[in-house]
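Asker: structure for the following, please:
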Amino acid sequence: MKRAFLVAFLVSLIPIPAPAQRTPVAAASLSGVVVREGTGEPLAGAQAILTPVTASPPANSTPVVTGKSDSLVPDASIASISGSVNGTHHVAPVSTDRDGRFVFSNLEPGLYSLQVYRNEYARQNFGQRIAGGPAAGIRLNAGQARTDIVVSMMPAGNITGVIRNNDGQPQAGVPVQLLRATFNASGQRTFQAEGNARTNDRGEYRMYWITPGRYYVCAGTASGPNRPLTPNNTATSLNEVPDQSFALTYFPGVFNPNSAAVVEVFPGTDVSGVDFVVPRQQLYSVRGRISDANTGRAPANASVSLAYRTLTGVTGAFNAGARYDASTGEFELRNVPPGLYVVQAIESGTPPVTSGEALVRVSALALQPNARVPIEISNADVNGVALQLTSGISLPGKMTVDGMALSSMPGWDRVQVQLKPTVDASFAPNLQPAQPVVQHPKPDGTFNIEGVSPGEFIVGPLTGLPQGYYVKEAHFNQADLLGKPLRIYASESGVLEILISSKSGSLSGTAVDSQMRGAGGAQVVLVPERQRERTDLYRTAASDASGRFMFRSIPPGDYRVFGWEALESYAYFDPELLRRVEPQGAPIHISESEGSVTVKVIPASR
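Answerer: As a prediction, the model looks like this:
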């Protein structure tokens with residue numbers, strides 16, 4: 001006992017080291033000035049928002065805003081950016097003083113994204129060289145006091161107009177949208193909503209504080225379920241006729257978006273006179289018959305609905321007022337607004353929904369017998385729609401390389417042909433069938449694609465294709481598929497033939513500025529000279545610090561090389577943009593060898 005007590009006493013005498021003191025991290029600061037673009041006039045009362053991020057800031061950091069315009073000063077409590085936001089600390093927004101200056105103090109070291117707002121001006125992200133283009137992050141080290149930030153803000157513009165009916169009378173309560181055309185990786189045009197308004201009792205509308213640029217204006221009710229107006233478009237008078245429906249119309253009064261006129265908004269200007277006629281629209285019915293493609297008989301249970309796609313790319317399906325008679329196969333869909341739709345039917349093991357606006361899982365169409373038919377509703381009921389149910393087919397194919405077996409190419413077993421459903425096409429404009437399943441090829445190049453529903457698809461690109469190889473030809477039943485869609489009908493037969501070539505070319509070059517100096521960070525795009533619909537022929541690269549760039553695996557042919565200081569994503573697919581800058585592109589012929597070119601960079605235009 002005494003021994004144990006002595007040990008405990010001796011242990012208590014051992015000094016315990018004090019906890020290590022953490023060296024405090026010196027705070028950083030950031031200051032700068034906000035000025036009017038073009039004049040350098042300091043802007044007082046601008047709100048600067050500094051957001052910590054954990055990685056490079058996203059291409060288009062977009063704070064959430066309240067109001068109808070992306071130029072409104074946001075509520076600081078809801079400001080956020082898309083991407084990886086560092087939530088460990090919050091930086092309070094600051095406002096610029098009479099000299100346009102702002103200061104952020106006591107900042108933790110790290111990466112930040114800076115956005116600046118001021119009423120009557122276009123929102124500006126630091127480092128953004130074009131409206132809607134990528135922004136730049138700001139790195140702050142411990143104890144650093146950065147004072148060189150300058151943010152130039154562009155005055156916003158406004159659009160006003162009057163909406164009338166066919167009798168020339170003002171239309172009240174018409175929803176109006178401001179749209180900007182964008183393009184995706186497949187070169188397909190979509191629209192992005194940039195603002196909205198609603199006509200008053202005089203038919204007048206006004207969309208204010210718009211970022212300068214090229215837009216389209218449409219008014220009316222979009223395709224889809226005949227739902228009441230959204231809360232943002234609720235009636236301003238209790239005496240207004242509720243739930244009105246208007247024909248979706250584009251300025252200057254056309255129903256086809258391909259015929260719509262561009263409305264260009266310049267900095268600090270009012271664009272007036274954007275007037276057009278938008279008639280009220282009636283609701284219509286769609287009638288037809290459903291049958292099995294093999295037996296010709298009506299299925300015991302079938303669900304029928306209308307698939308649609310909005311201008312901004314939102315897809316869905318509804319079956320309001322649906323009626324199906326299993327004894328005859330006849331169906332009816334009621335209360336349908338005018339627009340482009342796909343009538344779709346699927347054999348089901350449970351009784352179909354006959355009321356409400358039930359959404360339909362489009363992906364289920366690949367698993368059960370189904371049918372789809374595109375229709376357009378304008379000013380009358382649609383009758384006589386025939387839907388023959390069939391299951392997805394197995395599509396055979398074969399790949400060859402320079403006339404030899406596929407196994408002659410390195411990594412042949414990793415190559416696959418992709419079928420991508422089209423987004424906007426006359427054969428099936430709004431419905432996206434399920435992605436078919438592609439099997440790996442055999443040494444002789446044969447393969448199968450399972451679950452191919454009737455519809456329209458884009459062939460390619462081929463995945464796993466080695467460097468130096470490209471798709472030279474693609475055919476189905478003698479139809480050329482390069483730059484054109486593959487159309488699959490019910491009970492389709494044929495072989496998808498893919499010819500791969502190893503005889504590609506390459507191109508190196510230098511992007512230069514107006515002083516013939518190497519332009520680093522330029523976006524260089526290789527565009528086919530004639531077959532501009534062939535999106536598989538486009539190539540993009542970013543120039544290095546000295547302006548050098550390189551393209552490989554290019555199919556031989558004639559091209560034009562463009563260089564941009566800054567460009568929105570996939571904007572090079574815009575034929576109107578290419579038409580405007582055509583003379584500034586460098587023509588080049590690509591052969592089965594390496595070529596070189598020098599291209600002048602097109603300055604960023606805001």
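Asker: distance from the chain centre to stretch 402-421, please.
Answerer: Taking Cα atoms, centre = their mean, to the nearest Å, one finds the center of stretch 402-421 at 30 Å from the center of the full chain.
Asker: beta partners for Tyr121?
Answerer: Judged by DSSP bridges, the bridge partners of Tyr121 are Pro155.
Asker: kindly apply the preceding question to Ala479 instead.
Answerer: Phe476.
Asker: number of residues surrounding Ile130?
Answerer: 17 (other Cβ atoms under 10 Å). For the C-beta atoms, the positions are set from N, CA and C on the backbone; glycine is no exception.
Asker: correct me if wrong: it contacts Leu567.
Answerer: Yes. Counting by Cβ atoms under 8 Å, Ile130 does reach Leu567; the two are 7.1 Å apart.
Asker: would you map the helices across the stretch 101-250 of the chain?
Answerer: Taking DSSP state H, counting those that start in this stretch as the test, none of the stretch 101-250 of the chain falls into helices.
Asker: any low-confidence regions in it?
Answerer: Applying pLDDT under 70 to the stretch 101-250 of the chain flags residues 132, 223-235.
Asker: again, only using 90
Answerer: When residues are selected by pLDDT under 90, those of the stretch 101-250 of the chain lie in 127-137, 181-192, 221-248.
Asker: return the set of residues that bridge with Val512.
Answerer: Gly518, Lys600.
Asker: could you look up the SS state of Asp25?
Answerer: No, residue 25 isn't Asp; it's Val. Here Val25 is recorded as coil under DSSP: H, G, I helix; E, B strand; the rest coil.
Asker: tally of neighbours for it?
Answerer: 10.
Asker: could you report the distance from it to Asn119?
Answerer: For Val25, the distance to Asn119 equals 37 Å [Cβ to Cβ, to the nearest Å].
Asker: just the pLDDT for the closest residue to Asp444 other than its chain neighbours.
Answerer: Excluding the flanking residues, the one nearest Asp444 by Cβ to Cβ, 6 or more residues apart in numbering is Ala405, at 5.5 Å. At Ala405, the predicted lDDT confidence score is 93.
Asker: distance of Ala405 from Val438?
Answerer: The gap separating Ala405 from Val438 is 19 Å, by Cβ to Cβ.
Asker: and if you look at Thr269?
Answerer: Look at Thr269 and Val438: by Cβ to Cβ, they are 52 Å apart.
Asker: of the two, which one has the most company?
Answerer: Val438 (19 against 15).
Asker: state the three-state secondary structure for Ser407.
Answerer: Applying three-state DSSP: Ser407 is helix.
Asker: and for it, the neighbour number?
Answerer: 14.
Asker: was I right about it contacting Val415?
Answerer: No. Applying Cβ under 8 Å as the test, Ser407 and Val415 come out as separate, 10.8 Å apart.
Asker: flag the shaky bits of the stretch 451-600 of the chain, pLDDT-wise.
Answerer: Along the stretch 451-600 of the chain, the parts satisfying pLDDT under 90 run over 451-464, 477-479, 482-494, 514, 521, 530-531, 533-536, 566-569, 576, 592-599.
Asker: which parts of this protein are helices?
Answerer: 2-12, 575-581 (DSSP state H).
Asker: for Gly187, what are its contacts?
Answerer: 533, 535, 538, 570, 573 (Cβ atoms under 8 Å, 6 or more residues apart in numbering).
Asker: and it, backbone torsions?
Answerer: Main-chain dihedrals, Gly187, degrees, to the nearest 10: phi 80, psi 10.
Asker: picking up where we left off before, give me the number of residues near the residue nearest to Asp444?
Answerer: Residues near Ala405, counting by other Cβ under 10 Å: 14.
Asker: who touches it in this structure?
Answerer: 443-445.
Asker: ends of stretch 454-473, what's the gap?
Answerer: For stretch 454-473, the separation between the terminal residues is 23 Å (Cα to Cα, to the nearest Å).
Asker: mind listing what's buried in that stretch?
Answerer: By neighbour count on 16 or more other Cβ atoms under 10 Å, the buried set for stretch 454-473 is 454-460, 462, 465, 469-472.
Asker: list just the nearest of those to Thr39.
Answerer: Ile458 (48.0 Å; Cβ to Cβ).
Asker: relative to Lys420, how far out is that closest one?
Answerer: 5 Å.
Asker: which residues are in contact with each of the two?
Answerer: Ser186.
Asker: would you confirm that Gln192 contacts Asn184?
Answerer: No. Contact criterion Cβ under 8 Å: Gln192 and Asn184 do not qualify, at 11.2 Å.
Asker: can you give me the strands in the stretch 101-250 of the chain?
Answerer: 101-107, 110-117, 124-125, 138-140, 145-153, 157-164, 175-183, 189-198, 204-210, 213-219, 249-250 (DSSP state E, counting those that start in this stretch).
Asker: and these: which comes nearest Ala302?
Answerer: Judging these by Cβ to Cβ, what sits closest to Ala302 is strand 189-198, at 31.9 Å.
Asker: how far does the closest one sit from its chain's centre?
Answerer: 13 Å.
Asker: which elements pack onto that strand?
Answerer: Strand 189-198 sits against strand 175-183, strand 204-210, with contacts defined as 3 or more Cβ pairs under 8 Å, 6 or more residues apart in numbering; DSSP states H and E.
Asker: tell me the angle of the last one relative to strand 189-198?
Answerer: Translated: strand 204-210. Angle, strand 204-210 to strand 189-198, by axes from the mean of the first three to the mean of the last three Cα atoms, to 10 degrees: 120 degrees.
Asker: chain center to strand 204-210: distance?
Answerer: Using Cα atoms, centre = their mean, the offset of strand 204-210 from its chain centre is 24 Å.
Asker: parallel or antiparallel, which strands does that strand pair with?
Answerer: Sheet pairing for strand 204-210, using DSSP bridges, gives strand 157-164 (antiparallel).
Asker: relative orientation of the partner strand and strand 213-219 in degrees?
Answerer: Using the same axes, to 10 degrees: strand 157-164 against strand 213-219 is 20 degrees.
Asker: which residues touch strand 157-164?
Answerer: Taking Cβ under 8 Å, 6+ apart as the rule, strand 157-164 contacts 170-171, 174, 176, 178, 199, 202-210, 212, 215, 217, 219, 251, 263, 265-278.
Asker: one more pass at 6 Å, please.
Answerer: Strand 157-164 has contacts (Cβ atoms under 6 Å, 6 or more residues apart in numbering) with 170-171, 174, 199, 203-208, 210, 212, 219, 265, 269-272, 274-275, 277-278.
Asker: show the buried residues in these.
Answerer: Buried subset of those (neighbour count, 16+ other Cβ under 10 Å): 171, 174, 199, 203, 205-208, 210, 212, 219, 265, 271, 274-275, 277-278.
Asker: what sits up against stretch 249-265?
Answerer: Here stretch 249-265 makes contact (Cβ under 6 Å, 6+ apart) with 157, 210, 212, 214-220, 271, 274, 276-278.
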